[in-house]
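**Q** Kindly return the folded structure for what I paste below:
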Amino acid sequence: MRDAYLDAMSKTMIDAVNTENYAQATGAMLDYYLTASAPFREALEKSVAQALQQLSLPSRQEVAALAERFTNVEMRLDDLDAKMDSLLNAVSAMKQVQDVAKPSKRTRPAARQD
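**A** Take a look at the predicted model:
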């Protein structure tokens with residue numbers, strides 16, 4: 001009996017929530033809540049920003065700006081690493097070409113001692 005009651009309630013709630021009137025009512029409530037809470041939220045954000053400043057702590061925006069700068073530095077380091085690798089490969093290739101182009105030094109045969 002309990003399961004039948006829960007199933008009936010579940011079906012009723014699903015049917016009620018899936019209506020256009022419910023969606024409009026929920027949207028109106030959320031809109032009213034966001035409109036009414038905006039001044040309080042702004043005041044809270046200002047007071048938190050002041051508290052962070054007085055405690056010498058970074059704000060969310062400052063941390064995000066630092067993260068962006070670190071990302072840029074990391075990307076530049078990766079680019080420099082790639083350029084260094086290509087330079088090292090080029091120098092290595094030049095050295096191999098020079099080694100091949102050099103005539104090999106021949107040593108004189110040792111003089112005979114009779």
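
**Q** secondary structure element for residue 5?
**A** According to DSSP states H and E, residue 5 maps onto helix 2-17.

**Q** Any idea how far the following helix or strand past that helix is from the middle of the chain?
**A** Sequence order places helix 20-54 as the next helix or strand after helix 2-17, per DSSP H and E. With Cα atoms, centre = their mean, to the nearest Å as the basis, helix 20-54 stands 28 Å off its chain's centre.

**Q** For helix 20-54, list every residue counted as buried.
**A** By neighbour count on 16 or more other Cβ atoms under 10 Å, the buried set for helix 20-54 is empty. Quick note: C-beta positions are derived from backbone N, CA and C, even for glycine.

**Q** max-length helix in this structure?
**A** In the chain, assigned by DSSP state H, the helix with the most residues is helix 60-101.

**Q** Give me the mean pLDDT for that helix.
**A** For helix 60-101, mean pLDDT is 94.

**Q** Next: stretch 6-23.
**A** Across stretch 6-23, the average pLDDT comes to 89.

**Q** Output stretch 14-24 as CSV, nothing but the C-alphas.
**A** These are the backbone C-alpha positions of stretch 14-24, laid out as CSV (Å, rounded to 0.1, in the frame of the first residue of the first chain):
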residue,chain,number,x,y,z
ILE,A,14,5.8,14.8,-12.1
ASP,A,15,2.6,15.8,-13.9
ALA,A,16,2.5,19.1,-11.9
VAL,A,17,6.1,20.0,-12.5
ASN,A,18,5.9,19.3,-16.2
THR,A,19,3.3,22.0,-16.9
GLU,A,20,3.8,25.4,-18.5
ASN,A,21,2.1,27.2,-15.5
TYR,A,22,4.6,25.6,-13.1
ALA,A,23,7.5,26.8,-15.2
GLN,A,24,6.1,30.3,-15.4
